[in-house]
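[1] Dropping the sequence and predicted coords here.
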Amino acid sequence: MTGPLLALVCKDLRLLLRDRSAFVFTLIFPLVIAVLFGLVFGRLATPGPIAVALVGEGSGSLAESFIAALQSDPALQVERVAGREEAIARVRSGRCCAVVIVPEEFDRAAEALLTGGSMPIEVFGDPSRAAELGLLQGKLMEIGFVQFMLSVGDSARLQRQSELLRALPASDMGTSEGERNAILDLLAAAQRLAVAREEKAQRRSDKQISSDVAGAFPRLSAFRPVRLTQRAVVDDPARPPSSFAVTFPQGVVWGLAGCVMAFVTSLSAERNRGTLRRLCAAPLSMHTVLASKTLACFCMALLMQVMLMVLAVTAFGVRPVQPMLLVPAMVAIAVAFTMVAMAVASLFQSLGGSEGAGRSVILILALLGGGSVPLVFMPPALASASAVSPFRWAIAALEGPLWRGGSVQSQLSAIGAVLVVALIAAAITWGALSLRRHAA
Amino acid sequence: MLTLREVSKSYGRVRAVDGVSLRVAAGEVVGLLGPNGAGKSTTVALVTGLMRPDSGSVTVGAAGDPSNASVRRAIGFAPQELALYDMLTATETVTMFARLYGAFRSRRQVLEALDMVGLATRADERVGGYSGGMKRRLNLAVALIHEPPLLVLDEPTAGVDPQSRAHVRGIIRSRAASGCAVLLTTHDMEEAEKLSDRIALMDHGKIQAEGTVDELVAIHGAGSSRVARGLESVLLKLTGRELRE
């Protein structure tokens, strides 16, 4: 019986590999998805500098200092343009995410920081790039804070602040006369400290000292109130997972969908063309014919997974954290989706039904199971709903050994979930075929 | 080689085959004729083991019931529809079907089989590129590759050009001459007359008349001098002129 079985399996694999659309959907499309999503997610995970158009209307020293700080920030890619219209046009064309305008009155307002003034900055942003705008806002606040710290370390600026404060009645400041005098004393003390530091630096004739370091408080420009350390949650922090470790399981989802659809449509096409009738007239049982189809589907599902994983490792730098567990995971997934294919084939027997309804069902389940949007990015309700999709469990079984890590027991649980999918699909097949037999 | 005894088969309330008895001896070609819906296709399905009779028996050679897979090894079946895989080559198609019948054929043997149906020169081309006549000839080659003692041919020359038709008929005659029993269904009266040793006229699931062409014309004919026309008139006389679905 193995001779005829193998002959049929070879025939099915030949047909699948020669059918351009089936070949593309089973082997090429998953690879394209994995690579494309990997590149996109990789870019999102390590974003480049935010492109900003800068209009410097203010020409004072404070405005220039602020602009210089903006231009030197590695998180920003600042392009200085002449006018507002030109800058806004760059945002409209998508070349920049926002326009930052340092207005003419910047210096005047910034010098009155201690008397109720603030640094005026205007931002015109692209509303579709809210995340980048949020980052830009944070950056502007940070640079503004550093500029403030610089101003309190510069004796000349402190002198101007003191003069402004003296000229202002206490009632306008919202303080008592005593409180205002205390602030003036504080400013005078800070000013003396700044002068002393500047004279000391002058004596050393230290040409290397920059303007901010020459102030009363050295390294003010490097001052950060919060120092953030960010790490990826992986077993080996020195080797964070590449985005391809996340997207290749997604590619597998589409490959599995392709396998299922190829199997279902090939069975329907055999019924439609009369070749199934011819096969049944040969000295074979119907079970042999179905076994050959399922074996071909299993081989294709396994081959597709192996191909994607080999490419992920050799060409895209994916390093499985538990490579030995990948093998049982891939075998279990191939078994489960062969059963899923049988279930779909038993539910939709006509060629139109399998190509229409069957394809729609598989497509929805693939999308729901994380085929296009990774589960981690799904809203909670959708992520919960994805539990009904067999593709979700396939992704979970692959992600563990690929990059999530965890105990062997947890990996085996994920593989067990995939096998439960196989059992459910087998039960659906059995139920559908029993109903049809009963109806016949 | 093939014996049907009082075979009946129903689909729900419709009795497609009703007590049919028929015998095809080795080296004999029996033509099964009848209008659409007469029960020919169901009879073919019963003979090839695709269906089981509700009552009666179908026996192939000494082996027995064709619903047993091993018995079907003795049957070569060319269905009416061109049941072939467009993406396979003729060589791959014939080799695969030979294996399904437990007959492992070398490439030389496969090419000989294709040569017999006039396809050796295009043996490695995909079937999808073949004309209707070429597909029909390949359909026959597939039925013949394991050299079965019983051939069941369901309209083997439907929709092909005269050249292919003549070629296919020649093959059928040569197989019968070498001792193969042939059950042939056709709507082509000329073909039935030229190929069949005996004719079974079927309608409403029953064999209405059986015998050689001469016998049928003599008993049921309308006195026509031309045999083929006579066979057609016999058929129309026995089955009526009412259009069938």
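    Arrived safely, thanks for sending.
[2] interface residues of chain B facing chain A?
    Residues of chain B lying close to chain A (C-beta under 8 Å from any C-beta of the partner chain) are B:48-50, B:69-73, B:75, B:77, B:79, B:81-85, B:87-88, B:92, B:95-97, B:99-102, B:104, B:126, B:142. Backbone N, C-alpha and C define where each C-beta goes, glycine included.
[3] now those residues: which count as buried?
    Neighbour counting by 16 or more other C-beta atoms under 10 Å in any protein chain shown classes B:48-50, B:69, B:71-73, B:75, B:77, B:79, B:82-85, B:87-88, B:92, B:95-97, B:99-101, B:126, B:142 among the residues of chain B next to chain A as buried.
[4] Just the ones of those residues in strands?
    Residues of these located in strands (DSSP state E): B:75, B:77.
[5] Just the buried ones among the residues of chain B next to chain A: which are in helices?
    Here DSSP state H is the test, and those give B:69, B:71-72, B:92, B:95-97, B:99-100, B:142 as lying in helices.
[6] Farthest-apart pair in the residues you listed, please.
    By the measure C-beta to C-beta, B:71 and B:92 form the most distant pair in those, at 26.7 Å.
[7] Return the backbone torsion pair for residue A:120.
    Dihedral pair for residue A:120: phi -80, psi 120, per degrees, to the nearest 10.
[8] Can you list the low-confidence ranges for chain A?
    Chain A contains residues with pLDDT under 70 at A:1-2, A:42-48, A:114-116, A:170-171, A:173, A:204-241, A:349-354, A:376, A:440.
[9] longest strand of it?
    Longest strand in chain A, counting by DSSP E: strand A:50-56.
[10] Show me what that one is packed up against.
    helix A:61-72, strand A:76-80, helix A:84-92, strand A:98-102, helix A:130-151 (3 or more C-beta pairs under 8 Å, 6 or more residues apart in numbering or on different chains; DSSP states H and E).
[11] Alpha carbons of the fourth one, in CSV - could you do that?
    So the one you mean is strand A:98-102. Taking Å, rounded to 0.1, in the frame of the first residue of the first chain, the C-alpha atoms of strand A:98-102 are listed here in CSV:
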residue,chain,number,x,y,z
ALA,A,98,6.6,68.8,12.7
VAL,A,99,7.7,72.4,12.3
VAL,A,100,9.4,74.0,15.4
ILE,A,101,9.3,77.7,15.4
VAL,A,102,11.6,79.7,17.7
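[12] chain center to it, what's the gap?
    Centroid separation for strand A:98-102 versus its chain: 27 Å, with C-alpha atoms, centre = their mean, to the nearest Å.
[13] How is the residue nearest the centre of chain B assigned, secondary-structure-wise?
    Centroid check for chain B by C-alpha atoms, centre = their mean gives residue B:153 as the closest residue, at 1.7 Å. Following DSSP: H, G, I helix; E, B strand; the rest coil, residue B:153 is assigned to strand.
[14] re earlier: looking at the helices and strands packed on strand A:50-56, which is closest to chain B?
    helix A:130-151 (48.5 Å; C-beta to the nearest C-beta).
[15] So which bits of the closest one are buried?
    A:132-133, A:135-136, A:139-140, A:142-144, A:146-151.
[16] same deal with stretch B:192-211?
    Buried residues in stretch B:192-211, counted by 16+ other C-beta under 10 Å: B:192-196, B:198-203, B:205-211.
[17] picking that back up, need the helices and strands packed on strand A:50-56 in CSV with distance to chain B, can you?
    What follows is the helices and strands packed on strand A:50-56, written out as CSV (distance: least, C-beta to the nearest C-beta, whole Å):
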stretch, distance to chain B
helix A:61-72, 62
strand A:76-80, 53
helix A:84-92, 52
strand A:98-102, 55
helix A:130-151, 48
